[in-house]
Structure formats: structure tokens, C-alpha cells
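Peer 1: got a structure for you, letters missing:
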């Protein structure tokens, strides 16, 4: 992480500056910098971003487009699921963090986006039914099909595969985000 120091008159403030494309930034007082060591895993410098797990498989521009498309899908799904913007933003942060640890060539952006909005809705105490998340994603992703939108039959094998895949991806996201979880000092 890049650390810059500013004086605000009465005290010095250290700022951990994250990467602009991911919009991550955290401000702490000088005294508490040592207590945030376990959170700096999620602050990336330019070199780390350029050397993400996808960088070997695709150009940086294509990775950026994949991130943007996943974020747009999350935004569209969140609006259709009627969750608040905080929930949507949380899902987008989960997606960005996930793809700093995993490649787009291994995990498809739409499948991870679905799991991120499903997970963030739970975390932000706005849970949505699994069926609604799957059908909302299906609606958005198939709205341009010539045959029109047809909801998935929740008794079909395709629907059952979607359910299993979403739950599996949610578990992988949780494992990825919580990989280096430590208990705060005050607990």
C-alpha cells in the first residue's frame, strides 16, 4: 500500500491510498496504523493491479472491460432486486477483490457477479431469495434473445445446476474474502 502523511493542524493523518480503479481508500490516525495491518491485504498498488491473476491470460484493457461489465450486471441486478445502493456497492467491491485473487479465465464474470449480489444482500441484511437472484440474472442476460425472456423452470435440470453453481461460487467468494481473517484486538 502507498502511505502518505498529511498534517491537519492538531494531528497527523496517515492515509493508505488504494487503487483508483477499485476505488479503495482508508484513512486512519497515526496511532492506529499498526492496528490495521490485517486489512491492508485489500489495498493494491498499481503494480499489483497490473499483475492480477488475469494479467497473464488477457490484456489489461480486456480485464478492465470484464470488471466493468460485471459491475454493470451487479448494478442492474441490484436495481431489479430492489436492494439499496450500499448493497450493490458491497457486491461490486466483493467482485473486484475476488478477481484480485482469481482469474477471469477460471471464473466467469456473470457467475461471480450473481454470487456477489446474493452474498452482499445477506450481509447488508436485505436477503433475496435464491430463485429471484437466478431469474433476475437470467432476465438481464437473455433479454436480447430473439425468443424473448422465459423464466427458468425451478424444476428443470438447468435451474438446479444454476442453484448449485451459485452456492458453490458464494462459498468460494467467502473463502477468498475471509482467507486471512483475523480477530480484531478488541475482541
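Peer 2: Perfect, thanks for sending it. As the structure is a computational prediction, the values presented were derived from the model and not from experiment.

Peer 1: CA only for contacts and neighbour counts going forward, please
Peer 2: Fine.

Peer 1: what's residue 80 in contact with, if anything?
Peer 2: residue 136 (C-alpha atoms under 8 Å, 6 or more residues apart in numbering).

Peer 1: mind checking how far the helix or strand where it lies is from the chain centre?
Peer 2: If you go by DSSP states H and E, residue 80 is part of helix 60-81. Distance, stretch centre to chain centre, for helix 60-81: 10 Å (C-alpha atoms, centre = their mean, to the nearest Å).

Peer 1: Would you mind confirming that residue 57 makes contact with residue 105?
Peer 2: Yes - between residue 57 and residue 105 there is a contact at 7.0 Å, judged by C-alpha atoms under 8 Å.

Peer 1: what distance separates the start and the end of stretch 136-154?
Peer 2: Using C-alpha to C-alpha, to the nearest Å, one end of stretch 136-154 lies 13 Å from the other.

Peer 1: What residues sit buried inside it?
Peer 2: Of all the residues in stretch 136-154, those buried under the rule 16 or more other C-alpha atoms under 10 Å are 136-139, 152.

Peer 1: By pLDDT, give me the weakest of those residues.
Peer 2: Within the set of these, pLDDT is lowest for residue 152 (87).

Peer 1: So in this protein, where's the weakest helix or strand by average pLDDT?
Peer 2: Lowest mean confidence among the helices and strands of the chain (mean pLDDT, DSSP states H and E): strand 12-17, at a mean of 32.

Peer 1: packing partners for the helix or strand residue 174 falls within?
Peer 2: Following DSSP H and E, one finds residue 174 within helix 157-177. Judged by 3 or more C-alpha pairs under 8 Å, 6 or more residues apart in numbering; DSSP states H and E, the packing partners of helix 157-177 are helix 85-98, helix 109-123, helix 130-142.

Peer 1: Could you measure from residue 84 over to residue 169?
Peer 2: With C-alpha to C-alpha as the criterion, residue 84 and residue 169 are 23 Å apart.

Peer 1: Which one of those two is surrounded by more residues?
Peer 2: The neighbour comparison of residue 84 against residue 169 (other C-alpha atoms under 10 Å) goes to residue 169, with 20 against 13.

Peer 1: Flag the shaky bits of this structure, pLDDT-wise.
Peer 2: 1-40, 146-147, 179-187 (pLDDT under 70).

Peer 1: didn't residue 74 look like it was pressed against residue 114?
Peer 2: Yes - Residue 74 is within contact range of residue 114, at 7.1 Å (criterion: C-alpha under 8 Å).

Peer 1: Next, the buried residues of the helix holding residue 80.
Peer 2: Across helix 60-81, burial judged by 16+ other C-alpha under 10 Å covers 60, 63, 66-68, 70-71, 73-78, 81.

Peer 1: picking that back up, can you pull the residues that touch both of residue 57 and residue 105?
Peer 2: Common contacts of residue 57 and residue 105 (C-alpha under 8 Å, 6+ apart): none found.
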